[in-house]
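Enquirer: I need the structure of the sequence given here:
(chains A and B)
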Protein chains: 2
Amino acid sequence: MHRILSTELPAHAGRTVALEGWVHRRRLLKSVAFLILRDRAGLAQVVAAPTLLAGFPEETVVRVTGAARANPAAPGGVEVIEPAIEALTDPAEPPPFDLYRPELSAALPTVLDHAPVALRHPRLRAVFQLSAAATAGYRKALDALDFTEIHTPKLVGSATESGANVFGIDYFGRPAYLAQSPQFYKQMMVGVFERVYEVGPVFRAEPHDTVRHLAQYTSLDAELGFVADHRDVMAVLREAVAGMVAEIAVRADRALSTVDVKLPAVPERIPAVHFADAFDLVGRATGEDLSGEPDLAPAHERWLCEWAVREYGTELLFVTGYPMVKRPFYTHPEPGRPAFSNSFDLLFRGMEVATGGQRLHRYGDYLAALAGQDLAPYESYLQAFRYGMPPHGGWAIGLERFVARLAGLPNVRQATLFPRDLHRLTP
Amino acid sequence: MHRILSTELPAHAGRTVALEGWVHRRRLLKSVAFLILRDRAGLAQVVAAPTLLAGFPEETVVRVTGAARANPAAPGGVEVIEPAIEALTDPAEPPPFDLYRPELSAALPTVLDHAPVALRHPRLRAVFQLSAAATAGYRKALDALDFTEIHTPKLVGSATESGANVFGIDYFGRPAYLAQSPQFYKQMMVGVFERVYEVGPVFRAEPHDTVRHLAQYTSLDAELGFVADHRDVMAVLREAVAGMVAEIAVRADRALSTVDVKLPAVPERIPAVHFADAFDLVGRATGEDLSGEPDLAPAHERWLCEWAVREYGTELLFVTGYPMVKRPFYTHPEPGRPAFSNSFDLLFRGMEVATGGQRLHRYGDYLAALAGQDLAPYESYLQAFRYGMPPHGGWAIGLERFVARLAGLPNVRQATLFPRDLHRLTP
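Expert: Residues are numbered from 1 along each chain as shown, chains lettered A, B, ... in the order given. You can find the predicted model right below:
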C-alpha cells in the first residue's frame, strides 16, 4: 500500500492507510497506548494495545498500517486504529534528550554535539525551514529582476580582499586560501551579466568566539551594474529582503507558528540614516562621546533599531555613509565628503544582517586606491576595469544572522545546521 | 531619462530612448558609422557620424540617447539615430581578442587567463545562462517534491568519506580538510527532513589533468528517505533532470540558440542497464575481454550512450549495480548478489554526469562495513543510524559536466566561470 503523510490523514478517514515515520512518543495508559508518529509533514496519532508498542522505542523508524478514524481529540482530527506496526530498522537507542517535549532541555554545546538527532526536534527543525524559504525567496526576487546566478571559486591564490582572517590551504604543494567572500568575482561578473547573485559558503578564520561570528557561513551575495549610486543598490536589496519575507509566509507558515515568531513588515522604502547622523543620535541619547569613532558597536546597532521602531515603526534600518577608513579599498567615496563612503549596512532587530555599497568602477580609481601595493595579485580583478565596467554596487546578507534575528535566536549557531567556529569542527 | 534594454527597443520606435551598455563593435563606413551596443539583454544598433565614435573604443561603457527608428536591417528591426553618446567610464583598453566575432579565436588557456573579459563573448556567456537555468530547474523540481534545501560544512575534521584526494587546511592550528561532498551531512539530514538537497561547491585534490576533472566543482546533491531501493531514487533523479531541461527551455531559450544546441528529450522512464549486462554488451561489441574489470572506462561510457540512442532513442542512460569494490562503504549491496550494489551512474551524451544509489541505513550494517577501523571520526555520522534512519538513497550531479555535455563542450573548464585544477588557481 502507498504511504500517505500525517497531514493527509484527515482526507482518508474511514479508509485503511499506511504511514511511515519515526516513533516520536509512546504514551502508555492503563488499557490503551498511543504512538505518536512523526514524518516530514507533522505528527499522527496511532492507538494500540500497550504490549504492541514495547518493541518500538522512540526514534525507531516504522511503517504503520491501520484504519483511519475520526477523533476530534487527535492531531488533525483523525487517528489510526487497529494498527499493524513494522520496524524499518532496528530498535533505536534512547536519544540523549526527549525530542517530544515542547523545548529541548539541553545546553547549546550538547545540542550541537548531537545535531544529527537534536535537529529532529520540531522547533529546531523549523528554523531551517525558515532558512530554506528565505533563500528561495531571495533567488525568486532576484530572478524576477533579471539577475543571473553564478558559482565562483572558493580557493584563491592570494588573500587580497582584506588580508586578515583567511584560512590557508595546501593547494597541490602551493599556498592558497579559502575565499572570504565572492567580492572580486561578483564584480567581474557585472561586466558579463550586469546583475549577478551567488548563494554559497564563505570562510573567515575568525579568532573571536562570539554569538554572531562563524568560521563558515552562507552568504547571499549580489552585485549590479548601471546604478547611480548606493541608493539604487539599497532599493534592490529591499526587494530581495521583501522576497525573502514573502516566501517564508508562503512556504513556511507552519514553521513560523512552530518557532512562534512574527515576520517583519518590509516598508516600501526602508528608512536610512547617515553614519554621521546615527552617531549624533546615539551620542545625544546615551551621553557617550563618540567623536572620532570609526564604527558602530553592537550596542549602538541595538539602540538604532529601537529608535527606528519608535521613529518609523520599522524593524529594518539602513545606516549609510560609513567612514572610508572602515571600508575596503574598492568602496566608492561619498561625493563631496570623501571621508565618508557610498556604503551601507542593513540592521534588522538589533543587528547588522547585510553590508554593501557602491564600488569604484574606473580603472584609474583602482590604481589610485591600490597605490604602493604590488598589483600582481590583483591582475585578473583589474582586467574587468581595464576593459570597461559600469558604475555598480552590491551587498552580502549573512543568511544565518538573518534567520537568527527572524527566529529570535540569541546565538547565530542556532541558525546553522553544523556550525564551525574557533573550537568546533564536528559534527 | 530611464534606461531601456536593447530588447525593448522595438517597442519604442518613433520615440527618444536611452540605452546603456558596452561598445560591442564599431563599423566605420565611408559616410556613416555603426555602433553596436551590448547590454545584458542583447545587441542594439546605433547610427552615428564616424567622427563621433572615435572616443569610444570597444568595451567602453556608454550611455546613448537618441531617436528609435524602424529599420528592417537592424537587430530587432529598430535602430537608434542622431545619438548623443556619453562614456560612463574611461575609454577601455583594447581587449586581448575581438569579442564581436562569432567565435573567440584564442586557445583555452588564453581564454581562461582573461576570463573577466572573455566571458563577455555572447557564446561563452550563454553557457552560464544554461547553467543558471539548469540549477533553477533542479531546485524547482525538488521543491515541488517536498525537499528541503540545506547548507552543510565545507570544513571537516577528518577525511573519512573516501580518504583520498582531500585538500588539507590549517584550522586555527589544527588539521582539517575541505569536504569532498556533503554525503554524510545529507544522509544525517534525511533523519530530520526526509528529503534534502544542496547546491554547493565540493573540493577534490584531483592529481589528474583531464578534460573532465576539476579541483572545485558545483555539486547538485540530493538524498531522500523511505525508498524501496535505488530505483525509487532513480525515478526522483529523473524528475530533477527533467526539471533542469524544462527550465532551460523556459528561461534560457535565447542562450540555447546562441550556443546552438538542442535539449535532450527526457523519457518518462530513463532506461537502465545493469553493470554486468553493460559489460557483456560492450565486450561483445568491441571484442574486449572485460571480465574482472571493476569499472567502466570513458570509452565504454561513450559506447553505451551510442547504444542507448540506437536501442531506446534516448541520450540518457542509467547504468546500475556497480561492483561493491568500486563504491564507498555506505553503499547498499544488491540483495542476492552482494558483489554488486544498489547504485547507479547516469550517463548523458557519452559521459557520467551523476552518481548515486541506495545507502545502508541500519546501525549494525554500518558497524559491519567499518569493522576494523577507528570509529571515532565517524561518531557523529553514526549518531543518525543509532537513533533510527529510514531506507534512503541519493545522488550527486556534477553541474559543470552536465552543462558541458548539454552545450557540446569538450572540456569541463568551458562550463566553469573560473576553473580550478592542478595548475590553475587564477583568475
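
Enquirer: tally of neighbours for A:F329?
Expert: Neighbourhood size, A:F329 [other CB atoms under 10 Å in any protein chain shown]: 17. Every residue, glycine included, has its C-beta placed from N, CA and C.

Enquirer: For it, report the pLDDT, please.
Expert: According to the prediction, A:F329 has pLDDT 95.

Enquirer: which stretches of the stretch 301-427 of chain A aren't confidently modelled?
Expert: Nowhere does the stretch 301-427 of chain A drop to pLDDT under 70.

Enquirer: Spell out which residues of it are next to chain B.
Expert: With CB under 8 Å from any CB of the partner chain as the criterion, the stretch 301-427 of chain A meets chain B at residues A:361-364, A:379-381, A:383-384, A:386-391, A:399, A:417-418, A:420, A:422, A:425-427.

Enquirer: Is there a quick ChimeraX command that grabs whichever of the residues you listed are buried?
Expert: The command below creates a ChimeraX selection of those among those that count as buried (16 or more other CB atoms under 10 Å in any protein chain shown):
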select /A:361,362,363,380,381,383,384,386,387,388,389,390,391,399,417,418,420,422,425,426,427
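
Enquirer: Can you list the buried residues in stretch A:19-30?
Expert: A:19-26.

Enquirer: what about A:P10, how many residues close to it?
Expert: Neighbour tally, A:P10, other CB under 10 Å: 14.

Enquirer: Then A:S158?
Expert: Neighbours around A:S158, by other CB under 10 Å: 16.

Enquirer: That one against A:Y177, yeah?
Expert: Yes - using CB atoms under 8 Å, A:S158 makes contact with A:Y177 at a distance of 7.0 Å.

Enquirer: tell me the contacts of A:E379?
Expert: If a contact means CB atoms under 8 Å, 6 or more residues apart in numbering or on different chains, then A:E379 has B:T426 as its contacts.

Enquirer: if you set the cut-off to 10 Å instead, what comes out?
Expert: A:386, B:113, B:426-427 (CB atoms under 10 Å, 6 or more residues apart in numbering or on different chains).

Enquirer: Confirm that it sits in a helix.
Expert: Yes - counting by DSSP: H, G, I helix; E, B strand; the rest coil, A:E379 falls inside a helix.

Enquirer: And it, how far from B:V117?
Expert: A:E379 sits 12 Å away from B:V117, going by CB to CB, to the nearest Å.

Enquirer: intersection of neighbour lists for the two?
Expert: A:R386.

Enquirer: CA atoms of stretch A:245-253 as CSV?
Expert: Extracted in CSV, the C-alpha atoms of stretch A:245-253 (Å, rounded to 0.1, in the frame of the first residue of the first chain):
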residue,chain,number,x,y,z
VAL,A,245,9.9,37.5,3.9
ALA,A,246,7.2,36.9,1.4
GLU,A,247,8.4,33.4,0.5
ILE,A,248,8.6,32.5,4.2
ALA,A,249,4.9,33.5,4.5
VAL,A,250,4.1,31.3,1.5
ARG,A,251,6.3,28.2,2.1
ALA,A,252,6.9,28.1,5.8
ASP,A,253,3.8,29.3,7.6
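
Enquirer: Give me the residues contacting that stretch.
Expert: Contacts of stretch A:245-253 (CB under 10 Å, 6+ apart): A:126-141, A:255-256, A:258-259, A:261, A:263-266, A:316, A:403, A:406, B:143, B:148.

Enquirer: quick revisit: mind listing the shared neighbours of A:S158 and A:Y177?
Expert: What both A:S158 and A:Y177 touch, as defined by CB under 10 Å, 6+ apart, is the set A:166, B:425.
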